[in-house]
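1. make a model of this:
(one chain, ligands or ions: 1)
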Amino acid sequence: MKLCMIGTGYVGLVSGTCFADIGHTVYCVDSNKSKIEKLNSGKSPIYEPGLNDLIKVNHKAKRLFFTCNLPDALKKTDIVFICVGTPNKKNSLSVDLSYVFNATKEILKHSKAKKIIVTKSTVPVGTGDSIEKILKNKKKFTVISNPEFLREGEAIRDFRYPDRIVIGSNSPSSFKIMKNLYLPLVNKGAKFFTTNRRGAELIKYASNAFLATKITFINEIANLCEKTGINIEDISLGMGSDLRIGSRFLRAGPAYGGSCFPKDTKGLVSIGNKVNIDLSIVKSVIKSNEKRKQLLLNRIHQILGKNIKNKNITFLGVTFKPNTDDMRDSVSLLMIPYLHKIGAKISYYDPTGEKKEFNQLKNCKFNPEIKIACKNADLVVLHTDWDEFKSLDFNKLVKNKKFILYDLRNLYSSIDMKKNNIKYFSIGRPSTS
Ligand code: NAD
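-> Numbering: from 1, shown residues only. Predicted coordinates for the structure are as follows:
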C-alpha cells in the first residue's frame with residue numbers, strides 16, 4: 001500500500017519507517033526543512049534505539065521517502081496519516097488542534113483522487129467529525145481514527161508487537177483496508193480492535209489518563225511509605241502480583257512527564273468540561289502530579305538546607321525517561337531552573353547530549369562524561385534511569401567525600417549505600433542515613 005505520513009516526529013517517523021519495513025511504500029512529509037534534510041542524508045533527527053538502521057535499510061530499498069512536498073506525496077499515495085502534534089493551548093487544558101486542521105486543509109487543497117485519512121495524532125472526541133466538515137463531507141474522503149500507543153524508547157518494538165491496534169471508523173468497509181495495512185502484525189498475533197471513530201479517539205485519552213493515575217497513585221503511596229518505615233518496592237510487588245492490578249506502572253519515582261501524559265490528562269478533563277462531565281479523578285491526578293514536583297524540590301532543601309547558594313548539584317539524566325532525547329514536560333525542566341535561580345551550580349550529563357532548554361542558564365553546564373559531571377558534586381540527583389547509571393561507583397566518581405545521592409528512580413539499595421558510607425535518599429523508602 002502507498003502511505004503518506006504528515007508529520008515526521010516521534011510518531012510519524014517511527015510508524016512510517018516501520019510501515020515501510022513491513023513492505024509498504026511510505027512518504028514521510030514534514031514542514032520542517034532541516035528535519036527532512038537530515039533524514040535524506042541518512043540521519044534520524046530523534047534518538048530512538050534501532051531507528052537509524054531501520055531508516056537506512058528502508059530508504060535504500062526505496063520504500064521510504066522524506067519530503068517537504070506534500071502535494072507530490074499526496075499524488076503518490078492512497079492512505080494519509082495525520083501525525084502532527086496536539087499540544088495543550090497556552091495556559092489552558094484544551095487541545096490545540098491547529099496543526100491537525102491545517103494538515104486537513106492541505107489535504108483538501110491538494111488531493112485529486114480518493115483518500116483514506118487516518119488520525120494517528122491523539123485528538124479529542126469528535127475531531128474526526130470536525131475533519132470531515134473541513135473536507136466539506138466530500139465522498140472521496142474517508143476519515144478514520146487509529147490512535148498510536150507506542151512508547152518512546154521502545155517505539156520500534158511497540159510498533160512490531162502492539163498490545164492492540166485500535167481502528168475507529170463509521171464506515172465498516174474501511175476496517176478491511178486497515179486490517180490489510182496491518183496484516184503482517186495481525187498475522188503475528190496483534191489484537192485488531194474496531195469501534196466507531198469517537199470510541200477510538202476516547203480509548204487513547206482514557207488509556208493515558210489511566211496509566212498516569214496508576215503512576216500518581218503509587219507515588220502517593222510512596223509518600224506514605226517514607227513516613228511509616230515501609231519500603232515502596234514491597235508494596236509495588238505485593239500489589240502488582242494481583243493480576244487484576246498488574247505490576248506495570250507501579251514504580252514510584254518523580255512526577256510523570258513526557259510528551260503525552262501531562263497533555264493528555266489535561267486534554268481529557270477539557271473533553272469532559274465541554275459536555276459537563278466532571279472527571280474528578282483525572283483532575284486530582286493532575287493536581288497531585290504538580291504537587292509532587294514541589295515535593296521533590298522541598299526534599300532537596302531538607303537534604304541540603306535552606307540556603308543552597310553555590311552548592312554543586314549534578315543531574316544524571318535530564319530527559320523524562322531513558323532511551324529518548326525527548327525533553328517535553330520532563331521534571332528536570334522545573335527542577336534545574338529553580339535550583340539555578342536560588343544559586344546552585346548545576347552540572348548535568350545525559351546520554352543524548354546537551355539540551356538547548358538549559359542554554360540560557362549561566363551556571364548550568366553540560367558535561368559529556370559522567371565522571372566530569374559528578375566530580376565536584378555536593379548532591380547528585382539521579383533523575384533518569386538510563387542503564388548506564390545502574391552500577392556506578394559513586395565513591396570513585398565524586399571527589400567530595402561528603403556528597404549526597406538523591407536517587408529519584410530507586411536504582412540503588414539503601415543498605416549498599418550505607419555500607420559504602422554514602423549519604424543516600426530515595427523514593428518511598430525508610431531513611432537509613
Ligand atoms: P512531534 O512534535 O515529534 O512531531 C510532529 C511533527 O509534525 C513535527 O515534526 C512538525 O514539524 C510536523 N508538522 C506539523 N504540522 C505539519 C504540517 N502541516 N505538515 C507537515 N508537517 C507538520 O510530535 P509527536 O511526539 O510525534 O506526536 C504526534 C502526535 O502523536 C501527538 O498527537 C501525540 O500526542 C501523539 N502520540 C505521541 C506519542 C509519543 O510518544 N511521542 C505516542 C503516542 C501518540
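2. per-residue confidence at the closest residue to residue 248 other than its chain neighbours?
-> Leaving aside its chain neighbours, residue 248 sits nearest to residue 240 (7.6 Å; criterion: C-beta to C-beta, 6 or more residues apart in numbering). Any C-beta I mention is one placed from the backbone N, CA and C, and that applies to glycine too. Note on residue 240: pLDDT of 97.
3. list the contacts for residue 240?
-> The contact partners of residue 240, taken as C-beta atoms under 8 Å, 6 or more residues apart in numbering, are 246-248, 250.
4. what's around the residue in the stretch 1-150 of the chain that the ligand sits nearest to, how many residues?
-> For the stretch 1-150 of the chain, the residue closest to the ligand is residue 9, as judged by C-beta to the nearest ligand atom, at 1.8 Å. Neighbourhood size, residue 9 [other C-beta atoms under 10 Å]: 20.
5. report the contact partners of it.
-> Counting by C-beta under 8 Å, 6+ apart, residue 9 has contacts 30, 46, 83-85.
6. what about the closest residue in space to residue 128 that isn't next to it in sequence, how many residues nearby?
-> Counting by C-beta to C-beta, 6+ apart, residue 128 lies nearest to residue 197, which is 4.3 Å off, once chain neighbours are set aside. Using other C-beta under 10 Å, residue 197 has 25 other residues around it.
7. and if you look at the one 10 residues further on?
-> Counted with other C-beta under 10 Å, the neighbours of residue 207 add up to 18.
8. phi and psi next, for the residue nearest to residue 128.
-> As for residue 197, its main-chain torsions (degrees, to the nearest 10) stand at phi -60, psi -40.
9. and it, what pLDDT?
-> 98.
10. contacting residues around it?
-> So residue 197 contacts 128-129, 143-145, 168-170 (C-beta under 8 Å, 6+ apart).
11. residue 16 too?
-> By C-beta under 8 Å, 6+ apart, the neighbours of residue 16 are 3, 5, 8, 26, 28, 64, 81, 83.
12. residues of this structure that sit close to the ligand?
-> 6-12, 29-32, 35, 83-86, 99, 102-103, 106, 121-122, 148, 150, 152, 259-260 (C-beta under 6 Å from any ligand atom).
13. quick one: which of those sit in helices?
-> Per DSSP state H, helices hold the following members of those: 10-12, 35, 99, 102-103, 106.
14. leaving out chain neighbours, which residue sits closest to the residue in the stretch 201-350 of the chain that the ligand sits nearest to?
-> The nearest approach of the stretch 201-350 of the chain to the ligand comes at residue 259, 4.3 Å away (C-beta to the nearest ligand atom). Using C-beta to C-beta, 6+ apart and skipping the chain neighbours, the partner closest in space to residue 259 is residue 328 (4.1 Å).
15. what do you get for residue 417?
-> Once flanking residues are discounted, residue 417 sits nearest to residue 424: 3.6 Å by C-beta to C-beta, 6+ apart.
16. any idea of the mean pLDDT in the host helix or strand of that neighbour?
-> Using DSSP states H and E, residue 424 maps to strand 423-425. Averaging pLDDT along strand 423-425 gives 97.
17. quick check: residue 286 touching residue 267?
-> No. Using C-beta atoms under 8 Å, residue 286 is not in contact with residue 267, being 10.7 Å away.
18. do you know the pLDDT at the residue of the stretch 1-150 of the chain closest to the ligand?
-> Looking at residue 9, the pLDDT reads 97.
19. now it: phi and psi?
-> Taking degrees, to the nearest 10 as the convention, residue 9 sits at phi -100, psi -150.
20. can you show me the strands along the stretch 151-300 of the chain?
-> Here the stretch 151-300 of the chain has its strands, by DSSP state E, counting those that start in this stretch, at 164-168, 191-195.
21. given the last one, what are its sheet partners and their directions?
-> Read that as strand 191-195. According to DSSP bridges, strand 191-195 has the following sheet partners: strand 164-168 (parallel).
22. ok, residues contacting the strand it pairs with?
-> 128, 144-147, 149, 174-175, 178-179, 182, 185-186, 190-201, 203-204.
23. and what of stretch 331-347?
-> With C-beta under 8 Å, 6+ apart as the criterion, stretch 331-347 contacts 254-255, 257, 293, 296-297, 300, 307-315, 317-320, 327, 348, 357-358, 361, 363-365, 367, 372-374, 376-377, 381, 383-384, 408.
24. and the end-to-end length of that stretch?
-> Chord length of stretch 331-347, first to last residue, is 16 Å (C-alpha to C-alpha, to the nearest Å).
25. same question for stretch 374-391.
-> Taking C-alpha to C-alpha, the first and last residues of stretch 374-391 lie 14 Å apart.
26. counting neighbours, which bits of it end up buried?
-> Buried residues in stretch 374-391, counted by 16 or more other C-beta atoms under 10 Å: 374-375, 377-386, 389.
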